[in-house]
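Student: fold the following.
(chains A, B, C, D, E and F)
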Protein chains: 6
Amino acid sequence: MPIVQIDMVEGRSAEQKRALAKKVTEAIVETAQCPAEAVTIVIRETTKQNIAKAGVLMSDK
Amino acid sequence: MPIVQIDMVEGRSAEQKRALAKKVTEAIVETAQCPAEAVTIVIRETTKQNIAKAGVLMSDK
Amino acid sequence: MPIVQIDMVEGRSAEQKRALAKKVTEAIVETAQCPAEAVTIVIRETTKQNIAKAGVLMSDK
Amino acid sequence: MPIVQIDMVEGRSAEQKRALAKKVTEAIVETAQCPAEAVTIVIRETTKQNIAKAGVLMSDK
Amino acid sequence: MPIVQIDMVEGRSAEQKRALAKKVTEAIVETAQCPAEAVTIVIRETTKQNIAKAGVLMSDK
Amino acid sequence: MPIVQIDMVEGRSAEQKRALAKKVTEAIVETAQCPAEAVTIVIRETTKQNIAKAGVLMSDK
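Tutor: As a prediction, the model looks like this:
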């Protein structure tokens, strides 16, 4: 704990994910005051056909 | 908000997902009384090998 | 399956949740073409202090 | 209900998932005292590039 | 990893949760072949007014 | 999108959650390169009786 689940559109590079994991973990450690070892992050990549905002698929925008 | 996550077996067409996003958003707007712009839907498609009911994988049924 | 998880701000009445469950299920049955019995909905109610948009808690807006 | 969501690294065989679904369902039926028919399991397989512990991607370890 | 999220109706005793955590972890260790230390379980307790099956709230059944 | 769900032990102050929302959003905007307005965060607070690591409830440690 904490467990962080991030749903986002697919297509980020390994470099971006690496930076995201590092920075998000630092943000949580700093504000929730827990050791970095306690933070788990799961990234879930999704296609634009599987996300909708205001009833419209992102792939249709 | 609201955030709607839907796990279901893969294989629906773009047309089905388009209709699903539209209808589910309408249902939430109407009953939870929020603007459509506030509703986000994430569809997660799963293989039958990754779902079980009563201890049995759907791919084994 | 499908499993529908809805995160939203607390405070809807039983009547609203009843209507939401009915309408969202109908929307999924109609568009994903599955029996109503297959649809499970979980509503997760959250305080405004536990949701943020654009980095700002809803309780601060 | 209960709904069990399991995020884990991809690569388990069908045989392992079959056993996992069976054993986890048995564990829940026995301890939460519900019928097996009420237990749904969703397995979400993830690449090592999409999981981080202590701010480091599993693919970098 | 693995991360196990279990949504279920509220009301289980501490003793039941203790047994559930132990047995579900054993089931995953045995079948997914990972160390027990790698298994995190989160139980989410829900009221019957926040769960629906076939479009009907559990609190209405 | 992105949607960030954070499960953690209850007890953080409003000030901590405010800082967490701000810093985590900044971390995602910077690394995933999306506008802050696109980032939604949901914090789920859990009791120690509802989390287990290695098969043992946190409330028993």
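Student: from here on, just use CA atoms for contacts and neighbour counts.
Tutor: Fine.
Student: quick one: stretch A:43-61 near chain B?
Tutor: Yes: residues of stretch A:43-61 contacting chain B under C-alpha under 8 Å from any C-alpha of the partner chain: A:46, A:49, A:50, A:51, A:52, A:53, A:54, A:55, A:56, A:57.
Student: TSV for those residues, including secondary structure, pLDDT and neighbour count?
Tutor: Output for those, formatted as TSV (DSSP: H, G, I helix; E, B strand; the rest coil; pLDDT from 0 to 100; neighbours: other C-alpha atoms under 10 Å in any protein chain shown):
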residue	secondary structure	pLDDT	neighbour count
A:46	strand	96	17
A:49	helix	97	19
A:50	helix	98	20
A:51	strand	98	26
A:52	strand	98	26
A:53	strand	97	20
A:54	coil	97	18
A:55	coil	98	23
A:56	strand	98	22
A:57	strand	98	23
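Student: which of these lies closest to chain D?
Tutor: Of all the residues of stretch A:43-61 next to chain B, chain D sits closest to residue A:46, with 12.1 Å by C-alpha to the nearest C-alpha.
Student: burial count for the nearest residue to the closest one once chain neighbours are set aside?
Tutor: Leaving aside its sequence neighbours, residue A:46 sits nearest to residue A:9 (C-alpha to C-alpha, 6 or more residues apart in numbering or on different chains; 4.9 Å). Residue crowding around residue A:9 was assessed by other C-alpha atoms under 10 Å in any protein chain shown; the count is 18.
Student: can you show me the strands along chain A?
Tutor: A:3-9, A:40-46, A:51-53, A:56-57 (DSSP state E).
Student: tell me which of the ones you listed sits nearest to residue D:39.
Tutor: strand A:3-9 (23.1 Å; C-alpha to C-alpha).
Student: hmm, who's touching that closest one?
Tutor: With contact meaning C-alpha atoms under 8 Å, 6 or more residues apart in numbering or on different chains, strand A:3-9 is reached by A:39-48, F:1-8.
Student: would you mind checking the residues you listed for buried ones?
Tutor: Buried members of these, counted by 16 or more other C-alpha atoms under 10 Å in any protein chain shown: A:39-46, A:48, F:1-8.
Student: who does the residue nearest the centre of chain A form a beta bridge with?
Tutor: Geometric centre of chain A, nearest residue: residue A:6, 2.9 Å, by C-alpha atoms, centre = their mean. Residue A:6 has these beta-bridge partners by DSSP bridges: residue A:43, residue F:4.
Student: pLDDT wise, what is it at?
Tutor: Note on residue A:6: pLDDT of 98.
Student: try residue A:45
Tutor: Residue A:45 carries a pLDDT score of 97 in this model.
Student: hmm, it is touching residue A:51, no?
Tutor: No: at 10.7 Å, residue A:45 does not count as touching residue A:51 under the criterion of C-alpha atoms under 8 Å.
Student: what bridges to residue A:52?
Tutor: Counting by DSSP bridges, residue A:52 forms beta bridges with residue A:57, residue B:41.
Student: end to end on stretch A:54-61, go ahead and measure it.
Tutor: Terminal residues of stretch A:54-61 are spaced 11 Å apart (C-alpha to C-alpha, to the nearest Å).
Student: could you list the residues in contact with that stretch?
Tutor: A:48-52, B:17-18, B:21-26, B:36-41.
Student: residue B:33 versus residue A:7, what's the distance?
Tutor: Using C-alpha to C-alpha, one obtains 25 Å as the distance from residue A:7 to residue B:33.
Student: and the closest residue to residue A:7 other than its chain neighbours, how far is that from chain C?
Tutor: Computed as C-alpha to C-alpha, 6+ apart, the closest residue to residue A:7 that is not its neighbour in sequence is residue A:44, at 4.7 Å. Separation of residue A:44 from chain C (C-alpha to the nearest C-alpha, to the nearest Å): 16 Å.
Student: can you tell me what sits against stretch A:16-35?
Tutor: A:36, A:39, A:41, D:49-50, D:52, D:54-57, F:12, F:16-17, F:19-20, F:23-24, F:27-28, F:31-32.
Student: oops, could you answer that again for stretch A:43-51 instead?
Tutor: Applying C-alpha under 8 Å, 6+ apart, the contact partners of stretch A:43-51 are A:5-11, A:57-60, B:14, B:17, B:40-44, D:46, D:50-51.
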